[in-house]
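Q: Give me the fold of what follows.
(chains A and B)
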Amino acid sequence: MTTVDDTVMIQAAGLTKRYGDAVVVDDFNLSVQAGELVVLLGGSGSGKTTTLKMINRLIEPTAGCVRLDGVDTAELPPHELRRRIGYVFQRIGLFPHMTVGENVAVVPELLGWPPGRIAARVDELLNLVELDPTLRDRRPSELSGGQQQRVGVARGLAAEPRVMLLDEPFGALDPVTRERLQQSFLRIRTRLALTTVFVTHDMTEALTLADRIGVMHGGRLLQLGTPRDLLTRPADDYVDRLMSTPRRQAAVVEALVEETPRGTPS
Amino acid sequence: MTELLALLPSYLTAHLQLTLLALLLSTGLSVPLGIAATRIAWLEQPSLALAGIIQTVPSLALLAAMVPVLAALDLQSIGFLPAIVGLTLYGVLPVLRNTVTGIAGVDPALKEAARGVGMTSRQQLLRVELPLAMPVIVAGIRTATVWVVGIATLSTPVGATSLGNYIFSGLQTRNYAAILVGCVAAAGLALLLDGLVRAIEVGLVRRRRGRLVAALGSIALLYAYAGGTLAAPMFSDRERPIVVGAKSFTEQYILSAAIAGWVEHQTGRPTSLLQSLGSLVAFDAVDSGEVDVYVDYTGTIWANEMGRAQVRAGRAEMLEGVRDFLEAGHGMTLATTLGFENTYALTVRAADADRFGLRTIGDLANLAPRLAIGADVEFFARPEWPAVRDAYGLNFREERAMDASLMYQAAATEEVDVISAYTTDGRITAYDLLVLEDDRGAIPPYDAIVVAGARLARDAPDVLDALARLGGAIDAERMRAMNLRVDERGEDPATVAAAFVEDLAGGR
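A: Residues are numbered from 1 along each chain as shown, chains lettered A, B, ... in the order given. Predicted coordinates:
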């Protein structure tokens, strides 16, 4: 279904974050193939967001390292590293003093692209994230939550990164909008062959989007596998309990559908 | 009123120069300091605390304090510089505090987003933090603007011309129209500048290009005007006028205008007035060359400048002592004595004098515990007071300090019973008061003398000659009459002075 090749795009080895005595992320190891979408799934305090932020050095690891396309990220100036990685924030984080177009153009501006190329890119991206191009001169505050996060995604994609990090990007949206954005994002990442790490606490979202899911709890990666692996062969009790929720919900929905008499006018 | 408004362009220009430069400096100082304080943790508390302390110093005292501070640093201590330094310091706090608050108040999620998209620390500041903090910073600049415009009126006593000249001279000569003109002009200027800063903010935030350009253009024009007028004297080859100084009371306003008029009449040289100087500032201003000539009183220089408050001296002895001090110590010239003495005198209502048989200060001794004495704010702190009190064994029920212009009224309305009047004050007659005789000679002599700065002796001997011809031209009676015309009949000091000059010129 997706274009995954054998190249390892992101490799985290022994990634650890401690604040004093508290261990937030403990010896995290993960290899993400080029073009693959890995979801980090876990509750609050599981260490998933910290892990994500260590990949682009928004948080510096206490120990361990991240290699991006074979290069140790510790060797790059952090701002240059971040310009090469698209990042979509949990709280959207659009700059309120800039228009939609200027928000999308932030990273190309930082990279010093010529204005013509930036303008063309902004149009292309608004189109890609399915936003009306007339919105480009609006302020973020004039947009709905769903539209704002589409802009957030467009901003993350602006400088044609090969790697995207998304931190619970759709968490604050209503279910219908969330579903639409998820589908949009799946189309985009397939089209652009993006290597993606996606953080969420929503199991249905994880199962819908992921090539592989990494379940995190208490700062540790408990299990890494395909959605099917996790559903059928949970590695431990926590993962099993976690997966029981979508299974039970699916059963409830199925039962409701079964009970509905056929031919009844709706 | 026309005479008042004729002064407006020069006062307003001077006020604008002070305000605009001080605001530019305090903003230029505070915004970078505020930014630094948000980035260097240990800097925040000390810088805010220091600015806060400066703010709690009463503004008049802050400006006055700049005079000795700058003098100690061997800088221009009278006039523009002390005013600018004081006003700049005063404008620092609101801008600094708002810069720190504004930047600290930027949503942490947006700061992280700025980092996350790959901005360097500098880009985060310039592209995200400062633009988002801008409304708060501008609010601080607007506060500073209004404050500085208002406080700039207090530049007058340190020798910088401002709209405060209207207010200080108006208060002293009870010219309420002058006070009103000064206040209205200052308020109008504050509103105008505040409006322009506000227009810049709106232009930036709402991206109204037209409004932004108009506001920036207006401010640039104001700065160009202020800068141009400030720099103009440096490039002008016109003769520097003879600057006549005046302290802030009626007699000084009249005498400074009279001296200026006389010098122009006699020598044809241009003159200008620098009025409402603080009592000690006036001497320093002549010493430093900011002012060329002013009228002082022997007892004042004897006590304040020569530090001989405790040394009793006769009139002639004191006059010679002061002359030596001025000439040998400061290169100044005692150009002449005007012919009157303006000294402190204990004064009572004539009716009381009759009733209690009061003629000398000594007669008060028994009565004093039942009486209240009023004096100007300076008097009780001056050496004359303990000297008189001890010489006559006076022990008043109450001592009340008040503005000199209110003192006579207070005596008339029996708020106080004795006042330390000035012997040349016309209001002694107007309010039917009686001067008690200082038969024990406790109050030192205060002969009015014309003090000229070193420049006149060097470059303008003709002016010194003209000043010398004022010798003995004004006796106490004449001075009192002139003071009365201003204080009680509401005439302009300049008008009274002009009449005097005309009379003197015609008579000789």
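Q: Buried residues, stretch B:26-35. List them.
A: B:26-27, B:29-31, B:33-35 (16 or more other CB atoms under 10 Å in any protein chain shown). (Glycine included, C-beta is placed from N, CA and C.)
Q: chain center to that stretch, what's the gap?
A: 29 Å (CA atoms, centre = their mean, to the nearest Å).
Q: Can you tell me what sits against that stretch?
A: Residues outside stretch B:26-35 that contact it (CB atoms under 8 Å, 6 or more residues apart in numbering or on different chains): B:43, B:47, B:51, B:87-93, B:95-100, B:103, B:125, B:130, B:137, B:140-141, B:144, B:148.
Q: try 7 Å
A: B:47, B:88, B:91-92, B:95-96, B:99-100, B:103, B:125, B:137, B:141, B:144 (CB atoms under 7 Å, 6 or more residues apart in numbering or on different chains).
Q: How about stretch A:48-65?
A: With CB under 7 Å, 6+ apart as the criterion, stretch A:48-65 contacts A:10, A:12-18, A:24-25, A:28, A:40, A:42, A:66, A:72-74, A:78, A:81-82, A:85, A:87, A:165, A:167, A:197, A:199, A:216, B:112, B:115-116.
Q: Pull the contacting residues for the closest residue to chain A within the stretch 151-300 of chain B.
A: Residue nearest to chain A within the stretch 151-300 of chain B: B:Val205 (7.6 Å; CB to the nearest CB). If you count contacts by CB under 7 Å, 6+ apart, B:Val205 has them with B:Pro135.
Q: Tell me the spacing between it and A:Phe89.
A: Distance of B:Val205 to A:Phe89, given as CB to CB, to the nearest Å: 24 Å.
Q: Now for the residue of the stretch 151-266 of chain A found nearest chain B, how many residues are close by?
A: Residue of the stretch 151-266 of chain A nearest chain B, by CB to the nearest CB: A:Arg155 (7.0 Å). A count of neighbours around A:Arg155, defined by other CB atoms under 10 Å in any protein chain shown, yields 30.
Q: Point me to the helix or strand that includes it.
A: helix A:145-157 (DSSP states H and E).
Q: between the helix or strand following that helix and helix A:145-157, how big is the angle?
A: Sequence-wise, the next helix or strand downstream of helix A:145-157 (DSSP H and E) is strand A:163-167. Between the axes of strand A:163-167 and helix A:145-157, defined by axes from the mean of the first three to the mean of the last three CA atoms, to 10 degrees, the angle is 150 degrees.
Q: how about the longest helix belonging to chain A as PDB, C-alpha atoms only?
A: Looking across chain A with DSSP state H, the single longest helix is helix A:237-259. The C-alpha coordinates for helix A:237-259 follow below in PDB (Å, rounded to 0.1, in the frame of the first residue of the first chain):
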ATOM      1  CA  ASP A 237      -0.900  -7.300  29.400                       C
ATOM      2  CA  TYR A 238      -0.800  -3.500  28.900                       C
ATOM      3  CA  VAL A 239      -0.900  -3.800  25.100                       C
ATOM      4  CA  ASP A 240      -3.600  -6.400  25.300                       C
ATOM      5  CA  ARG A 241      -5.700  -4.200  27.500                       C
ATOM      6  CA  LEU A 242      -5.100  -1.300  25.200                       C
ATOM      7  CA  MET A 243      -6.200  -3.200  22.200                       C
ATOM      8  CA  SER A 244      -9.200  -4.600  23.900                       C
ATOM      9  CA  THR A 245     -10.900  -1.200  23.700                       C
ATOM     10  CA  PRO A 246     -11.100  -0.900  19.900                       C
ATOM     11  CA  ARG A 247     -12.000  -4.600  19.700                       C
ATOM     12  CA  ARG A 248     -14.800  -4.100  22.100                       C
ATOM     13  CA  GLN A 249     -16.000  -0.900  20.300                       C
ATOM     14  CA  ALA A 250     -15.900  -2.700  17.000                       C
ATOM     15  CA  ALA A 251     -18.000  -5.600  18.400                       C
ATOM     16  CA  VAL A 252     -20.500  -3.100  19.800                       C
ATOM     17  CA  VAL A 253     -20.900  -1.300  16.500                       C
ATOM     18  CA  GLU A 254     -21.100  -4.600  14.600                       C
ATOM     19  CA  ALA A 255     -23.800  -5.900  17.000                       C
ATOM     20  CA  LEU A 256     -25.800  -2.600  16.500                       C
ATOM     21  CA  VAL A 257     -25.600  -3.000  12.700                       C
ATOM     22  CA  GLU A 258     -26.700  -6.700  12.900                       C
ATOM     23  CA  GLU A 259     -29.700  -5.800  15.000                       C
END
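Q: For it, buried residues please.
A: Buried-residue list, helix A:237-259, by 16+ other CB under 10 Å: A:238-239, A:242-243, A:246.
Q: Same question for stretch A:17-30.
A: A:17, A:23-26, A:28, A:30.
Q: longest strand in chain B, by residue count?
A: strand B:333-341 (DSSP state E).
Q: And A:Thr3, what's its pLDDT?
A: Per-residue pLDDT puts A:Thr3 at 52.
Q: Let me fix that, I meant to ask about B:Arg508.
A: 50.
Q: Quick one: end-to-end distance for stretch A:84-96.
A: 23 Å (CA to CA, to the nearest Å).
Q: From the rest of the structure, what touches that stretch?
A: Against stretch A:84-96 from outside (CB under 7 Å, 6+ apart): A:56, A:103, A:139-141, A:148-149, A:151-153, A:156-157, A:161, A:163-169, A:171, B:109-110, B:112-113, B:116-117, B:128.
Q: List the buried residues for that stretch?
A: Buried residues in stretch A:84-96 (16+ other CB under 10 Å): A:84-95.
Q: Around residue 114, how many other residues sit close by?
A: Here I'm looking at chain A. Counted with other CB under 10 Å, A:Pro114 comes out at 9.
Q: The chain in question should be chain B.
A: 23.
Q: Could you find the closest non-adjacent residue to residue 161?
A: Went with chain A since none was named. A:Gly86 (4.1 Å; CB to CB, 6 or more residues apart in numbering or on different chains).
Q: should've been chain B
A: B:Ala14 (4.0 Å).
Q: where does the one you found fall, helix, sheet strand or coil?
A: helix (DSSP: H, G, I helix; E, B strand; the rest coil).
Q: Test my guess that it contacts B:Ser162.
A: Yes - counting by CB atoms under 7 Å, B:Ala14 touches B:Ser162, with 5.6 Å between them.
Q: Comparing those two, which residue is more hemmed in?
A: B:Ser162 (30 against 24).
Q: Not counting stretch B:430-447 itself, show me its contacts.
A: By CB under 7 Å, 6+ apart, stretch B:430-447 touches B:297-300, B:302, B:315, B:318-319, B:337, B:341-350, B:353, B:358-362, B:364, B:384, B:387-388, B:391-392, B:408, B:411-412, B:421, B:423, B:428, B:484, B:488.
Q: From those residues, list the buried ones, please.
A: B:297-300, B:302, B:318-319, B:337, B:341-349, B:353, B:358, B:361-362, B:364, B:384, B:387-388, B:391-392, B:408, B:411-412, B:421, B:423, B:428, B:484.
Q: Mind exporting the C-alpha coordinates of the longest strand of chain B to PDB?
A: The C-alpha coordinates for strand B:333-341 follow below in PDB (Å, rounded to 0.1, in the frame of the first residue of the first chain):
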ATOM      1  CA  THR B 333      32.100  90.000  38.000                       C
ATOM      2  CA  LEU B 334      30.000  91.800  40.500                       C
ATOM      3  CA  ALA B 335      28.800  94.300  38.000                       C
ATOM      4  CA  THR B 336      26.900  96.600  40.300                       C
ATOM      5  CA  THR B 337      24.500  96.900  43.300                       C
ATOM      6  CA  LEU B 338      21.000  97.800  42.300                       C
ATOM      7  CA  GLY B 339      20.300  99.900  45.300                       C
ATOM      8  CA  PHE B 340      17.900  97.900  47.400                       C
ATOM      9  CA  GLU B 341      18.000  95.000  49.800                       C
END
